[in-house]
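Q: Below is the sequence, then the predicted model.
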Amino acid sequence: MSTSSLVKRIQDIMRNDAGVDGDAQRISQMTWMFFLKVYDAKEQIWELNDENYKSIIPKGLRWSDWAIDEKDGKALTGESLLNLVNNQLFPALKALDISEETPLKQRIVKYVFEDAQNYMKDGVLLRQVINVINESVDFLEYKERHEFGTIYETILKSLQSAGNAGEFYTPRAVTDFMVKMVDPKLGESVADFACGTGGFLTSTLKYLEASKKTVEDIELYNKTIYGIEKKPMPYLLCITNMLIHDVDEPRVYHDNSLEKNVRDYKESDKFDIILMNPPYGGSEKDSVKNNFPAELRSSETADLFMNVIMYRLKRNGRCAVIIPDGFLFGEDNAKVNIKSKLLNEFNLHTVIRMPHSVFAPYTPITTNILFFDNTHSTEETWFYRMDMPEGYKNFSKTKPILLEHFNPVIEWWNNRKEITIDEFPKAKKYTKKELEDLHYNLDLCGYPHEEEEILEPKELIKQFKEKRHEYNKEIEQTLAKILELLDEDN
């Protein structure tokens, strides 16, 4: 089974279909089919283990009822196949009758199809795609099911070049590093409130895989992860990802984490570990901002997610979160108040400054990893600048960041000391008092010798458009604040 050839074969077929426009739609299209095939295999296993199990999918609409081609000329294709998919399958799954009593592993079928669509217009090409998927992997076989995880990872990486879909994908090297440093244990709850395709959740599951020794361990493993995702396509990708990783009842919900008042969170809503790469650069409507105390309200989504994290981290809990540079040096009232709360109520022990282009080609924005826990207020914070690996000028699609690139960070982590290179600090410890005196400017141990990067014209134009978009947002937010002050004066 060739990972690249399977994805390429499917995409090549879809390119001939007039209804599928671009990589994002191709990925969305193949994912609902993968979901149904994976779910069908899971149901066959559940039926073997529970003689009372009854599928929530109506008879005739399970994958094995209509998608298998026995090569006897009876398989649906063309208009007949399109009619079943468009007029029977999708309407039935969107209209499934569920309640709180419906088992979660059945409710997810309706959840993933609420916003799913069939984009393909050619029933013959649709049949070809289905046949390729059926020929590629037998999900009833444990080994093949796990090998498919590699294929699925390739699909998720493809999101990086699928327009705005790239925001759903965090490089696996980054999620694996963060999980390793936070060191989750079986029995601890791990959450991501903007989980995208489930990168942090799957990295956690892989990290805990070797700990599964008993039936009780397996039960704890299945209850470890919790996720929320606002957008429909990454949600569908995430649920499928969890099923592939043998989490039969994934506690992953299609929702907006910012739409609940943070003051309403109870102890039962908190988690031992939070791992996140929250969306940044976006803005939320006023009704969402009202879910936060006045002094912590911000127009920047990353700031609002920092608030959610602080309100939902258990006592003695641990967190690792990716944040853009703007959060570190930002001096507007909300950012300063959020950083003040972070240092005074939590222990911000480490900030890792990541090199540029970690998220290439999706965004050129430089990011950082904040590690903190809910044990006591901050006494001192270590800053460490992670330099570009030798031989690299930039990370890219063909030369992505790898887990081994974090080895110098891991070595330093376990034996911390201050490091100065060419009179510029690479690693340095600051007391909370020093950070307060800097008015909570955390832009420390930065990159002093940024070389000018010469880009291809198309990439240069793309980066210009992205930066222009960010600048326009900042201008709009500033103008809105000015107008608001003028209104108050009147």
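A: Structure received. Numbers count the residues shown, from 1 in each chain.

Q: Was I right to think residue 403 contacts residue 175?
A: No. In terms of Cβ atoms under 8 Å, residue 403 does not count as a neighbour of residue 175; the distance is 9.7 Å. Any C-beta I mention is one placed from the backbone N, CA and C, and that applies to glycine too.

Q: More neighbours: the two, which one.
A: Ranked by neighbour count (other Cβ atoms under 10 Å), residue 403 and residue 175 place residue 175 first, with 26 against 15.

Q: For the stretch 101-250 of the chain, which segments count as strands?
A: Secondary structure of the stretch 101-250 of the chain (DSSP state E, counting those that start in this stretch): strands at 190-192, 225-229.

Q: Quick one: closest of the ones you listed to residue 66.
A: Minimum separation from residue 66 across these (Cβ to Cβ) falls at strand 225-229, 28.5 Å.

Q: Report the distance from stretch 317-331 to the chain centre.
A: 16 Å (Cα atoms, centre = their mean, to the nearest Å).

Q: Equivalent analysis for stretch 475-486, please.
A: A distance of 32 Å separates the centroid of the chain from that of stretch 475-486, by Cα atoms, centre = their mean.

Q: same question, stretch 326-336
A: Using Cα atoms, centre = their mean, the offset of stretch 326-336 from its chain centre is 24 Å.

Q: what about that stretch, how long is it end to end?
A: Stretch 326-336 has an end-to-end distance of 12 Å (Cα to Cα, to the nearest Å).

Q: mind checking the longest strand of the chain?
A: Ordering each strand of the chain by length in residues (DSSP state E) puts strand 313-324 first.

Q: which helices and strands does that one pack with?
A: In terms of contacts (3 or more Cβ pairs under 8 Å, 6 or more residues apart in numbering; DSSP states H and E), strand 313-324 is packed against helix 172-182, strand 271-276, helix 301-312, strand 367-373.

Q: what about the residue nearest to residue 418 when sequence neighbours are not counted, which SS state?
A: What sits nearest to residue 418 in space, not counting adjacent residues and going by Cβ to Cβ, 6 or more residues apart in numbering, is residue 428, at 5.2 Å. Under DSSP: H, G, I helix; E, B strand; the rest coil, residue 428 falls in the strand class.

Q: beta partners of residue 428?
A: Following DSSP bridges, residue 428 is listed with bridge partners residue 383.

Q: Is it in contact with residue 444, as I believe?
A: Yes. The criterion here is Cβ under 8 Å, and residue 428 meets it with residue 444 at 6.8 Å.

Q: Quickly list what's touching both of the two.
A: Counting by Cβ atoms under 8 Å, 6 or more residues apart in numbering, the contacts common to residue 428 and residue 444 are residue 383.

Q: Find the centremost residue of the chain, please.
A: In the chain, the centroid-proximal residue (Cα atoms, centre = their mean) is residue 196; its distance is 3.1 Å.

Q: Please state the backbone phi and psi of that residue?
A: Main-chain dihedrals, residue 196, degrees, to the nearest 10: phi 50, psi -130.

Q: for residue 29, same thing?
A: With angles defined as degrees, to the nearest 10, residue 29 sits at phi -60, psi -50.

Q: Surely it touches residue 14?
A: Yes. Contact criterion Cβ under 8 Å: residue 29 and residue 14 qualify, at 6.4 Å.
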